[in-house]
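> Pasted the sequence and its predicted model underneath.
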Amino acid sequence: MKKGREVLHKAAQTYGTPVYVYEQQVIEAQCQKLWRHFPNVAIHYAMKANSNPEILRIIRKQGIGAEAVSLGELALAKHAGFKAKDTSFTCASLTERELASAASSGARIHLDSLTQIETWGRKALGREVSLRLNQGIGAGHHAHVITGGPHSKFGITLEDIPEALRITDTYGLRVVGIQQHIGSNVLDATVFLKSVRVLLQTAKRFPNLTHIDFGGGLGISYAPEESQLDLKRVGKEFKILTSAFKESMGRDVSFAMEPGRFIVAESGSLLVSVVDQKKTNKHQFVGVNSGFNQLIRHAMYGSYHPIENLSRTRGPKTPITIAGNVCESGDLFAVDRMMIRPELDDVLVIRNAGAYGFSMASNFNMHALPREVLVSGAGRLKDISFVPSEYAL
């Protein structure tokens with residue numbers, strides 16, 4: 001199901017490089033995997049992974065809701081056709097105006113701090129609340145994306161639950177939901193399931209719960225040595241744990257998850273062209289016409305992306321360092337990667353770039369944003385480029 005070389009060649013020839021290319025069939029297949037393993041769970045797609053409106057519509061048509069973290073994302077979710085009742089919202093460090101606007105959207109709001117609970121009650125934003133909890137469990141591919149544990153800025157700690165309940169009692173609020181998010185790109189099924197068990201245990205402290213959201217974090221393997229997340233095991237044990245919880249509570253409780261990367265990462269590739277070569281006593285540099293302003297994951301996280309030469313498949317392999325065109329020494333896509341040595345004008349394919357690629361892109365150094373192209377199920381190409389700043393609030 002990975003995009004064939006022919007359609008990528010065509011995309012590069014038709015639209016030039018750099019260009020993001022997404023495969024619709026991969027997105028749809030990932031959505032179906034989630035439904036297969038979590039059939040009775042509300043799935044909300046984490047828009048921050050990739051917020052292109054056309055991709056949002058593809059995901060919505062698979063019966064999946066949206067998870068937003070800003071007023072701009074809430075506006076974009078509505079534009080893409082997501083109903084408020086199918087939208088979840090969580091974010092730290094909100095102004096009172098932002099929290100009030102989010103509340104008026106009709107989305108399910110997960111309050112992130114004692115301050116937010118106080119604001120919600122004082123401004124009478126609603127009688128029912130859902131709380132985002134930090135249970136001390138964090139996981140992910142890099143420290144910057146671990147969103148649980150003692151070093152995370154997110155969520156209400158277990159130690160602060162009594163104070164949270166005091167504030168809700170003061171304003172006559174009912175806690176009907178709890179949510180957590182332990183981090184991004186979790187590949188260890190044991191860690192994810194541990195977080196599920198702990199949240200279900202914590203849930204017993206809230207007698208009026210009707211909704212439990214386990215957040216996102218389901219990962220995909222980027223590097224060759226990484227194993228795929230055992231989704232079958234996660235789904236099977238998740239069902240056992242949640243069924244036992246509902247039975248112990250003696251009433252119905254709904255469950256939700258918020259995957260992002262899992263749905264879109266493997267669907268996307270960034271095509272770039274070789275524009276320069278340079279050899280030092282340490283590296284063979286190959287310069288391309290893109291940089292971390294268009295795919296920041298390696299520079300920010302040291303992340304690995306598979307990279308292929310689209311223009312040639314034969315030749316001796318040698319260590320190559322692929323450098324971008326941004327005026328920063330850290331602007332690299334790969335360091336000493338064994339590959340066929342590229343020549344000028346060759347097109348390289350940076351794989352697994354569908355998540356946190358374009359959505360984190362910028363005009364740094366005043367470079368233009370890359371175009372975005374969708375490959376339909378029939379193999380047709382469609383320019384789906386859009387300007388994210390139009391929704392920034």
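Looks like it arrived, so ask away.
> if you go through the stretch 101-250 of the chain in chain order, where are the helices?
114-122, 161-170, 189-203, 231-249 (DSSP state H, counting those that start in this stretch).
> Would you reformat those helices as CSV and include mean neighbour count?
To be clear about C-beta, it is placed using only N, CA and C from the backbone, and glycine gets the same treatment. CSV is the format used below for those (neighbours: other Cβ atoms under 10 Å):
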stretch, mean neighbour count
helix 114-122, 19
helix 161-170, 16
helix 189-203, 18
helix 231-249, 15
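> N363: which of those is closest?
Proximity of those to N363 was assessed by Cβ to Cβ; the nearest stretch is helix 114-122, lying at 32.2 Å.
> hang on, the earlier thing: JSON lines please, covering the helices of the stretch 101-250 of the chain and showing distance to S51 and mean pLDDT.
Formatted as JSON lines, those follow (distance: least, Cβ to Cβ, whole Å; pLDDT from 0 to 100):
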{"stretch": "helix 114-122", "distance to S51": "24", "mean pLDDT": "98"}
{"stretch": "helix 161-170", "distance to S51": "31", "mean pLDDT": "97"}
{"stretch": "helix 189-203", "distance to S51": "25", "mean pLDDT": "92"}
{"stretch": "helix 231-249", "distance to S51": "24", "mean pLDDT": "95"}
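> Distance to S290 for the ones you listed - can I get that in TSV?
What follows is the helices of the stretch 101-250 of the chain, written out as TSV (distance: least, Cβ to Cβ, whole Å):
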stretch	distance to S290
helix 114-122	39
helix 161-170	45
helix 189-203	33
helix 231-249	32
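> of those helices, which approaches V21 most closely?
Closest approach to V21 among these (Cβ to Cβ): helix 231-249, 25.3 Å.
> packing partners for that closest one?
Counting contacts by 3 or more Cβ pairs under 8 Å, 6 or more residues apart in numbering; DSSP states H and E, helix 231-249 packs against helix 24-37, helix 189-203.
> For V26, find the nearest of the helices of the stretch 101-250 of the chain.
Of all the helices of the stretch 101-250 of the chain, helix 231-249 comes closest under Cβ to Cβ, at 15.2 Å.
> so what strands line up beside the next helix or strand along the chain from that closest one?
Using DSSP states H and E, the next helix or strand after helix 231-249 towards the C-terminus is strand 254-257. Strand 254-257 pairs in its sheet with strand 42-46 (parallel), strand 211-213 (parallel), by DSSP bridges.
> Comparing these, which comes out most buried?
Of all these, strand 42-46 has the most neighbours on average by mean count of other Cβ atoms under 10 Å, namely a mean of 26.
> can you map out the strands along the stretch 1-150 of the chain?
Ranges of strands in the stretch 1-150 of the chain, per DSSP state E, counting those that start in this stretch, are 19-23, 42-46, 65-68, 87-90, 108-111, 128-134.
> Rebuild those strands as CSV, extending it with distance to I58.
Formatted as CSV, the strands of the stretch 1-150 of the chain follow (distance: least, Cβ to Cβ, whole Å):
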stretch, distance to I58
strand 19-23, 9
strand 42-46, 10
strand 65-68, 12
strand 87-90, 17
strand 108-111, 23
strand 128-134, 28
